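*Asks:* the following block contains a protein sequence and its predicted model.
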Amino acid sequence: MMKKQKGFSLIELLIVVAIILIIAAIAIPNLMRSRMAANEASAVGSLRTINTAEVTYFTNYGTGFAPLGNLGGAIGAVCVASSATACLIDGLLSNGTKTGYVMATPIPGGLGTIAAPNTAPVTAGQSGVRTFCSDDSGVIRNDPTGAVVAATLAACQALNAIQ
């Protein structure tokens, strides 16, 4: 008399693998959308941080608004505040790339010059979709298509304000 074998048949295993693949095919796009939404929220938060840092820099040093690199210090190093390294934002943000977005302050300059920081996805459609900018009032604006990276104050003010 033969003993009955215990275990799964090949067909049962294939069915289980097929079910897992179907679940993964449904879940992965949702995961990517969630990641892009998180990156976009981080970009908006970074612009708010840069706005605050620019006002603080202007108030403390009286030399106008600063380029992005002057608002922070070196990554992982002890920061000593000066007009060249103000220590107002973290080194990662002052280097210009954070959570899938590239940050810039294209219009910093002397007294009376308005800072207009902007940000765009590193890889459009993967790290984020929308581009963001901020005008002199601190209002964060966005281009939902990601096509416009506002390099001027007028270009930024022409975009949609975030509610």
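*Replies:* Yep, it's here.

*Asks:* can you pull the contacts of Phe58?
*Replies:* Neighbour list for Phe58: 64-65 [criterion: CB atoms under 8 Å, 6 or more residues apart in numbering]. Where you see a C-beta, it was placed from the backbone N, CA and C, and this is true even at glycine.

*Asks:* mean confidence score for the helix or strand hosting it?
*Replies:* Here Phe58 is covered by helix 10-61, with elements defined by DSSP states H and E. For helix 10-61, mean pLDDT is 93.

*Asks:* how about stretch 140-156?
*Replies:* Stretch 140-156 comes out at a mean pLDDT of 86.

*Asks:* re earlier: check which element follows the helix holding Phe58 along the chain.
*Replies:* Next along from helix 10-61, by DSSP H and E: helix 68-71.

*Asks:* hmm, back to that, and the helix holding Phe58, how far out from the chain middle?
*Replies:* For helix 10-61, the separation from the chain centroid amounts to 10 Å (computed by CA atoms, centre = their mean, to the nearest Å).

*Asks:* with adjacent residues omitted, what lies nearest to Ser127?
*Replies:* Distance criterion CB to CB, 6 or more residues apart in numbering; nearest residue to Ser127, sequence neighbours excluded, is Gly100 at 2.9 Å.

*Asks:* swap in Ala155?
*Replies:* Leaving out its chain neighbours, the residue that sits closest to Ala155 by CB to CB, 6+ apart is Val148, at 6.5 Å.

*Asks:* hang on, the residue nearest to Ser127 packs against Pro121?
*Replies:* Yes - at 6.1 Å, Gly100 counts as touching Pro121 under the criterion of CB atoms under 8 Å.

*Asks:* spit out the residues that contact these two alike.
*Replies:* Joint contacts of Gly100 and Pro121 (CB under 8 Å, 6+ apart) are 39, 127-128.

*Asks:* of those residues, which is the most crowded?
*Replies:* Gly128 (26 neighbours; other CB atoms under 10 Å).

*Asks:* ok, now which ones touch that one?
*Replies:* With CB under 8 Å, 6+ apart, Gly128 has these contacts: 36, 39-40, 43, 100-101, 121-122, 146.
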